[in-house]
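Visitor: Take this sequence and fold it.
(chains A, B and C)
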Amino acid sequence: MTPRPWRVTGRRRETADSWTLDLEPADDGAPMSFLPGQFNMIYAFGIGEAPISISGDPGADRPLVHTVRDVGAVSAAICRAAPGEVLGVRGPYGSAWPVAALGGRHVLIVAGGVGLAPLRPALRAALERRRELAGLTLLLGGRTPADLLFRDELEELGADPRLELAISVDSAGSGWRGHVGVVTTLIDDLDLDPARATALLCGPEVMMRFAAQALIGRGMDRGDIYLSMERNMKCAVTQCGRCQLGPAFVCREGAVMRYCDIERVLGLREV
Amino acid sequence: MAVEGVATTIERGAFDGLLTAIARSGYELIGPTIRDGAIVYDEIATSADLPIGWTDEQDGGSYRLRRRDDEALFGYAVGPQSWKRFLHPPEVTLWRASRDGDGAMAIESCEDGKPSYAFVGVRSCELHAIAIQDRVMVGGEHPDPFYAARRDGALLVAVNCTVGGGTCFCVSMGTGPRAGPGFDIALTEVIDGGRHYFLCEAGSEPGAAILAAVEQAPARAAEAAAATAAIAVAARHQGRSMEADGIRELLYDNYEHPRWDEVSERCLTCGNCTMVCPTCFCTTVEDSTDLAGAEADRTRRWDSCFTMDFSYVHGGSVRASARSRYRQWMTHKLATWIDQFGTSGCVGCGRCITWCPVAIDITEEVAAIRADAID
Amino acid sequence: MPMRSIEQVLAEVETFAGLERRHLDRIAGCGHNCGFAAGETIAREGDRADTFYVIRHGRVALETPAPAGGPLLIATLGDGAVVGWSWLFPPYRWTFDARAIEDTRAIAFDGACLRGKCDSDHELGYVLMQRFAEIILDRLQAARLQLLDVYGEPAAG
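Guide: Purely as a prediction, here's the structure:
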């Protein structure tokens, strides 16, 4: 329950309000091993903790990479942490993307906004094992091209023959070469064998709900659709009671959950 | 020598000998005592600190102490507090972070040793509540060290209920009134004509060792029968009942029942029910720094699912309406808790009914939904 | 590649898939194949909308001019999409610019011709309106989702 000190060793601006931080242990402890999709509680001195998903490559154990969007006092303080500063980290917590079960599957990653961050480790793991997969597609939605995370990497991925990449933004200038519209319309246009596809979704809950509907509309099984959920969270170990989503704790059964397991709760208001 | 499962009797005159034996074994005595017109749990030294000759009258939104016509030590139901106040305190400093000028940060846990509490007067429902909080706080992958320290050292002296409280419904929930497993010592208070004694059972080795130091006699069949009869009175006189069969499915099927709207018109979302509930465990945290900014504490406090902040995610609260917050509390207590921890979160103590300022009654709400289930 | 008739091409376009032969024939009678090079303007906001297009292959952007920084992209449309509704209703003026952003092959339909046929053959009109209403609904729902500005809210992480 007590965080370990980790030193910021790198900091990159992703968008107007998002930053990626590299962290290395500031104590004698070991680097952290984690599963794609898991998150850490990150502590900014005197300000508080926030659950932040790990956006780094699971294959490389150093540094620990987090991508944070400035949406409140704690996340703002984390975003501000310059190289040399120390943050508290405890974790990793939560469930993982089913990366071990992707063999033979067409892996369809659907990310919206900063939701790409927790999917990045899954994407790296999928690229690593690309030959075992039937296909690999990344559908990415964002507000504008400037709001996309990891733009240099997306540039490379766009040219990577192992991956089919489509990006759709809500609005763009005329120089934009990608799609304009909602990410769900990319699903409608996808070349997809629904029986062989596994979809990994992360983004605003509204976007994930519509994306899941579109995937089901394409014939996908509800059990093959995974979502990364977000709720208020203070402890990350089921004891603060805050992250309940029906019978589930997002910190334990989630953040990554199967659509079939939460469909009912997602359909209810204010649960 | 007291033996587990074999009953003995302790006369009222020897009762302080029991308290002394417990204290001598190194425990801090915590028991019921009267404060501010209510029976609360606090430090006690002798039986004189107990609510001798008092009982409580409870109903929806109502609690009054009343004189008994005898000198019973435990002639009442439960008060506003529960033992969670000691095992899962309302406020705990979790850790302290310090940093020096170079930006180095050290974080140290504020785990504060192991208090050894002896809880005297634990009711059967409360034993169950403690067992439930055990599952929540230390039964999972990440046991809470603060709870664990307090719980490991605690001695539980149960007292079987011989009074049926006005808002009690432990019989419905299968949690009383006779104390089941989990106690170190169980007592049943019997006032029979001019004689005032306690039927005692040890439930553990430490309990047996303490009892062995107390003046006692083997229990005769008539004494055991008198104790059983006294407990049966408590069972018969409970003021509330709830049909608990299939309650999880009932609530899962009725998320949109109009009853939630009705109850939300009365609910003040004050959170009293969550504060008095012996199983409610939810917390928030608060961070504070010293003036120099060199040290920062993280404090955990009880919180309630009735606050707007509880479900806040960037942009707003997930459960903005009173309807959804009452529904969350009751559905958690009676339904989702079962999926989460393998047990109901309700022990039928009735506190939430008594201490609700507008007398919302969980048994009445369940009955209303059951009577008019959507599905 | 053998030349295919407009009727054959139409039958493969999702918008018209499953229509009866006689309806396809009548619709095809108002259409002709056309192509646009990447960057070429297809229609201009405010111009008379006599024509609409069904994209066979390629990509078209709907844009609106903005005072600074060039036109704003409102939506991009791909294979099978219908470009242009303005021919359906008076005053028959384009509400957005349409520009090919890739080399695009399309079928261009004479709006007045098709309107005339629908007026005289209400069954054809009904069938066609049904198809168009479905597309408009999809487009409306997507536009609403876009309006929600969901990325203004943070996702997990």
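Visitor: Scan the helices and strands of chain C for the one with the lowest mean pLDDT.
Guide: helix C:6-12 (a mean of 81; mean pLDDT, DSSP states H and E).
Visitor: Let me know whether it sits next to chain A.
Guide: No: contact of helix C:6-12 with chain A (Cβ under 8 Å from any Cβ of the partner chain) is absent, the minimum separation being 15.5 Å. In short, each C-beta sits where N, CA and C put it, glycine included.
Visitor: Run the chain-centre distance for stretch C:97-104.
Guide: Centroid separation for stretch C:97-104 versus its chain: 12 Å, with Cα atoms, centre = their mean, to the nearest Å.
Visitor: I should have written stretch B:285-303 there, sorry.
Guide: 28 Å.
Visitor: show me where pLDDT drops low in chain C?
Guide: C:1-3, C:68-69, C:153-157 (pLDDT under 70).
Visitor: Please, where are all the strands along it?
Guide: C:31-36, C:41-43, C:51-57, C:60-64, C:72-77, C:82-83, C:97-100, C:104-110 (DSSP state E).
Visitor: circling back to that earlier point, CA atoms only for the least confident helix or strand of chain C, dumped as PDB, please.
Guide: Taking Å, rounded to 0.1, in the frame of the first residue of the first chain, the C-alpha atoms of helix C:6-12 are listed here in PDB:
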ATOM      1  CA  ILE C   6     -24.100   1.000 -64.900                       C
ATOM      2  CA  GLU C   7     -26.800  -1.500 -63.800                       C
ATOM      3  CA  GLN C   8     -24.200  -4.100 -63.000                       C
ATOM      4  CA  VAL C   9     -22.100  -1.600 -61.100                       C
ATOM      5  CA  LEU C  10     -25.100  -0.300 -59.200                       C
ATOM      6  CA  ALA C  11     -26.200  -3.700 -58.100                       C
ATOM      7  CA  GLU C  12     -22.800  -4.100 -56.300                       C
END
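Visitor: List the buried residues in it.
Guide: C:6-7, C:9-11 (16 or more other Cβ atoms under 10 Å in any protein chain shown).
Visitor: likewise stretch A:167-184?
Guide: For stretch A:167-184, by 16+ other Cβ under 10 Å, it's A:167-172, A:174, A:176, A:178-184.
Visitor: CA atoms only for that stretch - export them in PDB, please.
Guide: Extracted in PDB, the C-alpha atoms of stretch A:167-184 (Å, rounded to 0.1, in the frame of the first residue of the first chain):
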ATOM      1  CA  ILE A 167      -7.200   7.100 -38.000                       C
ATOM      2  CA  SER A 168     -10.400   9.100 -37.800                       C
ATOM      3  CA  VAL A 169     -10.700  12.500 -36.200                       C
ATOM      4  CA  ASP A 170     -13.700  14.600 -35.400                       C
ATOM      5  CA  SER A 171     -12.400  17.600 -37.300                       C
ATOM      6  CA  ALA A 172      -9.300  18.500 -39.200                       C
ATOM      7  CA  GLY A 173      -7.800  21.000 -41.500                       C
ATOM      8  CA  SER A 174      -7.600  20.200 -45.200                       C
ATOM      9  CA  GLY A 175      -4.000  18.900 -44.900                       C
ATOM     10  CA  TRP A 176      -5.200  15.900 -43.000                       C
ATOM     11  CA  ARG A 177      -4.800  12.700 -44.900                       C
ATOM     12  CA  GLY A 178      -6.800  10.400 -42.600                       C
ATOM     13  CA  HIS A 179     -10.500  10.100 -42.100                       C
ATOM     14  CA  VAL A 180     -12.800  12.600 -40.600                       C
ATOM     15  CA  GLY A 181     -15.800  11.100 -38.800                       C
ATOM     16  CA  VAL A 182     -16.400   8.800 -35.900                       C
ATOM     17  CA  VAL A 183     -14.200   5.800 -35.300                       C
ATOM     18  CA  THR A 184     -17.200   3.500 -35.400                       C
END
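Visitor: How far off centre is it?
Guide: Counting by Cα atoms, centre = their mean, stretch A:167-184 comes out at 21 Å from the chain centroid.
Visitor: same question, stretch B:160-173
Guide: Distance, centroid of stretch B:160-173 to centroid of chain: 13 Å (Cα atoms, centre = their mean).
Visitor: B:L211: which element?
Guide: Assigned by DSSP states H and E, B:L211 falls within helix B:205-212.
Visitor: Run through the neighbouring helices and strands of that helix.
Guide: helix B:15-24, strand B:155-159, strand B:185-192, strand B:195-202 (3 or more Cβ pairs under 8 Å, 6 or more residues apart in numbering or on different chains; DSSP states H and E).
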